[in-house]
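show me how the following folds:
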Amino acid sequence: MLTIRPSAARGHANHGWLDSNFTFSFADYYDPDHMGFRALRVINEDRVAPATGFAKHPHRYMEILTYVLEGAVKHEDSTGASETLVPGELQHMSAGTGVRHSEMNPSADQPLHLLQIWLLPNQFDLPPKYEQKRFTVAEHPNRLHLLASTDARDDSFKIFSDAELLAAYLNENQVVHHQFKFGYGWLQIVRGDIQIAGKSFQQGDGVQIEDEPSLIIASESGAEFLLFDLA
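Residues are numbered from 1 along each chain as shown. Got it, this is the predicted structure:
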């Protein structure tokens, strides 16, 4: 069963320096029908103005992934990590028992466009951890790339959540196939359009997937998307 979460139906907030769309309830946006799905708790699409960002703030007990679409983000945290993330890279932070971090747009004139993703953890006594890595999703289109997993296979991040994250670029009129490891899924379209089972979805749409052991994902005009495999 496929259930669409249309882009235009997402929550929205514009604070001037920050323009956000919320797939699930977050901060002042509350929708009891959209509180997350399985271990997936947050997908925020954020646009951050130049030379601004999220000042240092605390988190606990959350697996956090950052996927940059345009621009760069400067990360600093209380573990001593200080890194800059650009498109093509993925950031993973286990907040664990507690961490403070900041995410800033270091550019004086270029906006930052990113997806902020939170996953509920399956362990609660972990020390904080930060890592980032470059993946070759854009360089090798028309295939699914495993970015984060429960067992770090295929050089993916190991995450402490009942979830795995894959990503793909599809060229025009290309198709990929996914066999679910777990029983559920969520697909978030980053750019372009996709077609699944005769239904068409557009940029910003989310698709909740239930009772589908496998999925065939096609694109007529080209697309970039994230696919969560969820227990």
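
pLDDT of the lengthiest strand in the chain, averaged?
In the chain, assigned by DSSP state E, the strand with the most residues is strand 184-196. Taken as a whole, strand 184-196 has an average pLDDT of 97.

whatever helix or strand comes next after it pairs with which strands?
Elements were assigned by DSSP states H and E; along the chain past strand 184-196, the next helix or strand is strand 199-202. Looking at strand 199-202 with DSSP bridges, its paired strands and their directions are strand 184-196 (antiparallel).

so what touches the partner strand?
Among residues not part of strand 184-196, those counted as contacts by C-beta atoms under 8 Å, 6 or more residues apart in numbering are 2, 23, 37-38, 40, 43, 67, 69, 115, 170, 178, 200-210, 212, 215-231. In short, each C-beta sits where N, CA and C put it, glycine included.

which positions in it come out as buried?
Of the residues in strand 184-196, those buried by neighbour count under the rule 16 or more other C-beta atoms under 10 Å are Y184, G185, W186, L187, Q188, I189, V190, R191, G192, D193, I194, I196.

what sits opposite the second one in the beta ladder?
When you say that, I think you mean G185. With DSSP bridges applied, G185 shows beta-bridge pairing to I209, D229.

please tell me how far it sits from L170.
From G185 over to L170 the distance is 17 Å, taken as C-beta to C-beta, to the nearest Å.

then the fourth one?
Applying C-beta to C-beta, the value for L187 to L170 is 12 Å.

who touches both of these two?
Taking C-beta under 8 Å, 6+ apart as the contact rule, the neighbours common to L187 and L170 are I194, I217, F225.

which of the residues you listed sits closest to P121?
When the shared contacts of L187 and L170 are compared for distance to P121 (C-beta to C-beta), F225 wins out at 24.4 Å.

centroid-nearest residue for the chain?
In the chain, the centroid-proximal residue (C-alpha atoms, centre = their mean) is I117; its distance is 4.4 Å.

and D28, how many neighbours?
8 (other C-beta atoms under 10 Å).

give me the pLDDT value at it.
For D28, the predicted pLDDT is 93.

contacts only, for it.
D28 makes contact with A13 under the criterion C-beta under 8 Å, 6+ apart.

could we number from 23 for the rest of this?
Renumbered: residue one is now 23, and that last one reads D50.

roughly how far apart are it and N36?
The spacing between D50 and N36, counted by C-beta to C-beta, is 12 Å.

please apply the same query to H114.
Counting by C-beta to C-beta, the gap from H114 to N36 is 28 Å.

of those two, who's got more company?
Counted by other C-beta under 10 Å, H114 and N36 do not tie: H114 has more neighbours, with 22 against 10.

verify the stated contact: that one with M84.
No: between H114 and M84 there is no contact, the gap being 11.4 Å when judged by C-beta atoms under 8 Å.

just name the closest of the shared contacts of L209 and L192 to F157, please.
Comparing every one of the shared contacts of L209 and L192 with F157 (C-beta to C-beta), the shortest separation belongs to F247, at 14.1 Å.

ok so the closest one is a strand residue?
Yes: using DSSP: H, G, I helix; E, B strand; the rest coil, the secondary structure at F247 is a strand.

and the pLDDT for it?
In this model, F247 is scored at 98, pLDDT.

what do you get for the one 5 residues further on?
The predicted local distance difference test score for L252 is 98.

over to K78?
88.

what helix or strand does it sit in?
Assessed by DSSP H and E, K78 sits inside strand 75-81.

give me the sheet partners of that strand and which way each runs.
Taking DSSP bridges as the criterion, strand 75-81 sits next to strand 121-126 (antiparallel) in its sheet.
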